[in-house]
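K.L.:
Prediction below, plus the sequence it came from.
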Amino acid sequence: MVDITRKQFLRGSAALLASTVLPAQKLLAAEPETLVIAAADTPQTLDADMANQLESWDGGHNLNECLFSYAYKAPVDGVAAWDISELQNVQPWLAQDFSISKDGQAITIRLRDGVTSAAGSTLGTADIDFMFKVLTAKGSGARPFVPIIGNFDPLSGIEIKDDKTFVIHTSQPSPLLLPALTLWLANVPDAAAITPHITDSDPTGSAFMSRNGSGYGSYALEELKQGQQAVYAARDDYWAGAPAVKRIISRAVPDPSSRFALLQQGAVQVAAGLRPRELTQVRRSANFQGNQMMFMTLNTARKPLDNVDVRRALSYATPYEAILQSVYLGTAKRAYGPMPDIYPSHVGKEATPYDYDIKKAQQLLDQAGTGGFPIEICYSASTPNVDQIVLMLQAAWRQIGLKPTLVKLDASTFSTRKYQGTMDCWLDLDQANVADMGYVSALYFASSGFANYGKYRNAEVDALTSEMNATFDLEKRDANARRLQEIVIDEAAWIPLAQPGVHWGLSGAVDHVGWDTDNGLTYREIG
């Protein structure tokens, strides 16, 4: 049975191989040698293990490449987006090809020939060995999550066959492994460039990577002046063909109204991070629903939020449509359930009973017997559009007798308190970067979830997640995905509010930009 479903998965990937590497000649309207982007900041780090800022992800994933990717679809509304309609659409990128063993527990990967880094190194299994046994095994940030979700040991699970071939041995069939290898946090490093900079106090060479981001990407770092600008030069020797835009200058413009003004004046060609007000006024924009979600996490380890009727009451007492119209000005969609509705097997809308209903919310609160309890609504000063949202939530929750207090925190304190579980509830803007409910649940809702900061617990969720992430059987995975959503929605594990989408203001020189599930701006796809 495993072999049959493994073949199903392989067929889905193989169908894309013929069109994987066509060095498309994308021409900009004005074919500019240099394109200027107005961004909120410059990268704080180019080390994937430590990055927690969009500009870092933007820079890093254009300087680096992954073993696998998804195909870009034809542009719609100014965005060429990954085709994530099916998990098995994953295709080789730095990998030339792959095969999965009959028992589903060994994935053999052959690297592409003729791939060089910005520093002149040639891609080989020495990079893979370094990637897993040094960066992943010794990483202290995001990189160690890849072997956790992929069910393999980064030390003992990697078998090097020759200079182009290696095998990943997993503890069980691992349908999420290849999709996880599309993420920037799983990018392939240039081991030869990084190794000389490793020290006892810096066992991964993070300081060097933070400043240089040396890798196998389509651009090389020309300059990084933090707080001012980052400059990226297109690589003419890039294995899939030289990018159309020869030079990218990403300038730090912290104020969104200033970014908007620069775009309108023609001083920049792309403006990132515009607010809804500016988005309604730009002459041209690139818009895609994306995978980001604005949601309220409820700390289910704290009373009375451990009571499911209390969580359901808060879900009914949330003014969803008013938030979409008053805060997002129609630029966002309502979020239903635990994952964005562009992800496969999404049933959030049909499984969601919650609409703004103060009477129903009051009935559930009375049923819970908690009375009008005090609650802190926490939020980060760095999260966009939250100030108005929390005021609307405070006013709505007061109508059912609650005593909400708003607590605004700086980004560092917010993150610390989230990790420590010392908040009642909090607004967050985040995304699960693999388009799969098994990944979403393993991240947010399974008891051992890497980001289950709300401490949600449900034995059936744990069992369904484990089962889903250990089989290539597409029908079984789909059934589990649907059931997982139904449970999480019914028990109001969190309150999904909005899918803000991804938006860029564009000048007439740019026809479209590229999007992947890391939510970065893919420079080589700008056309």
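P.N.:
Received, thanks. Numbering: from 1, shown residues only.

K.L.:
From the opening residue of stretch 343-361 to its closing one, how far?
P.N.:
30 Å (Cα to Cα, to the nearest Å).

K.L.:
Pull out the buried residues from that stretch.
P.N.:
343-348, 351-352, 354, 356-357, 360-361 (16 or more other Cβ atoms under 10 Å). Heads up, the C-betas are built off the backbone N, CA and C, glycines and all.

K.L.:
outside of that stretch, which residues touch it?
P.N.:
For stretch 343-361, contacts defined as Cβ atoms under 8 Å, 6 or more residues apart in numbering pick out 84-87, 291, 312-322, 335-341, 396, 399-400, 435-437, 440, 477-478, 481-482, 485-486, 489-490, 492, 496.

K.L.:
average pLDDT for that stretch?
P.N.:
Averaging pLDDT along stretch 343-361 yields 96.

K.L.:
going forward can the numbers begin at 348, since that is how I track them
P.N.:
Sure thing, new numbering starts at 348, so read that last one as stretch 690-708.

K.L.:
From the chain's centroid, how far away is that stretch?
P.N.:
Taking Cα atoms, centre = their mean, to the nearest Å, one finds the center of stretch 690-708 at 23 Å from the center of the full chain.

K.L.:
Quick check: can you list the domain ranges of this protein?
P.N.:
What automatic domain parsing lists as the domains of the chain is 349-592+849-872, 640-846.

K.L.:
Just give the number of residues close to residue 577.
P.N.:
Other residues lying near residue 577 total 28 when counted by other Cβ atoms under 10 Å.

K.L.:
Looks like it contacts residue 403 (just checking).
P.N.:
No. Using Cβ atoms under 8 Å, residue 577 is not in contact with residue 403, being 9.9 Å away.

K.L.:
For those two, list the residues in contact with both.
P.N.:
Shared contacts of residue 577 and residue 403, counting by Cβ under 8 Å, 6+ apart, come down to residue 390.

K.L.:
rewinding a little: mind checking which of the contacts of stretch 690-708 are buried?
P.N.:
431, 433-434, 638, 659-667, 682-688, 743, 747, 782-784, 787, 824, 828-829, 832-833, 836, 839, 843.

K.L.:
Can you tell me which of the residues you listed end up in helices?
P.N.:
659-663, 667, 743, 784, 787, 824, 828-829, 832-833, 836 (DSSP state H).

K.L.:
biggest separation within those residues, which pair?
P.N.:
Within these, 743 and 824 form the most distant pair, 37.1 Å apart (Cβ to Cβ).

K.L.:
Residue ranges in this structure under the pLDDT threshold?
P.N.:
For the chain, applying pLDDT under 70 flags the ranges 348-379.

K.L.:
Can you tell me the element the nearest residue to residue 504 once chain neighbours are set aside falls in?
P.N.:
Counting by Cβ to Cβ, 6 or more residues apart in numbering, the nearest residue to residue 504 once its immediate chain neighbours are dropped is residue 516, at 4.8 Å. Per DSSP states H and E: residue 516 is located in strand 512-516.

K.L.:
Contacts for whichever helix or strand comes after that strand, please.
P.N.:
Going down the chain from strand 512-516, the next helix or strand is helix 524-527, by DSSP H and E. Residues from elsewhere that reach helix 524-527 (Cβ under 8 Å, 6+ apart): 360, 415, 434, 437, 445, 454, 493, 496-499, 515, 517, 533, 781-783, 786.
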